[in-house]
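Enquirer: Need a 3D model of the following:
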Amino acid sequence: MFWKILIVLVISMIPLVELRGAIPVAIGMDLGLPEWLVLIVAIIGNMIPIPFIYFFARKFLEWGSKKKWKPLKQFCNFCLKKGEKGGEKLLKKTGNYGTYFALFLFVAIPIPGTGAWTGTLAASILNLGFKKTIIAVMSGVLVAGLIMLAVSLGFFKVLFG
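Expert: Numbers count the residues shown, from 1 in each chain. Sure, this is the predicted structure:
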């Protein structure tokens, strides 16, 4: 059982895959884990990298933007400029608390390219508050997990009867 839990945990920590991939894999592979345990493990795995992303992503991008290696410098400058420009636009439209609700929705809707990693990276670039970011991202991950669990259970039930 330990290895099955570890599979779900590790998959949910992978960028862009996150729990959006871990839950369907666990249900589809029929790992024999209770659904509630799959959900909890996937949420925990998805949240483990979040503080590291929040505290170090902007620092890495700022560090990389000062390096001589042109591809790294261009990539980091692009990310910083794009993030700051988008963030300023979002802050003007939503205000301070609306920004956190928008972050919640961004993480909660389980489509490719959204999720805890991307949302936290955006919050880091925007210098949003840590506690409110964590609450918004955690709430979004919980909703996305429930959606993915419901969809996965329904899909595999229809597929395999």
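Enquirer: Can you get me a residue count around Arg77?
Expert: Just to correct that, residue 77 is Asn rather than Arg. The tally of other residues near Asn77 (other Cβ atoms under 10 Å) stands at 15. C-beta: built from backbone N, CA, C; applies to glycine.
Enquirer: That one against Lys66, yeah?
Expert: No: judged on Cβ atoms under 8 Å, Asn77 makes no contact with Lys66 at a distance of 9.6 Å.
Enquirer: What segments of this structure are strands?
Expert: Here the chain has no strands by DSSP state E.
Enquirer: for it, what spans make up the helices?
Expert: Secondary structure of the chain (DSSP state H): helices at 2-13, 18-28, 35-47, 50-64, 70-108, 116-125, 130-160.
Enquirer: Need those helices in TSV (columns: mean pLDDT).
Expert: Below are these laid out as TSV (pLDDT from 0 to 100):
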stretch	mean pLDDT
helix 2-13	95
helix 18-28	92
helix 35-47	96
helix 50-64	92
helix 70-108	83
helix 116-125	88
helix 130-160	89
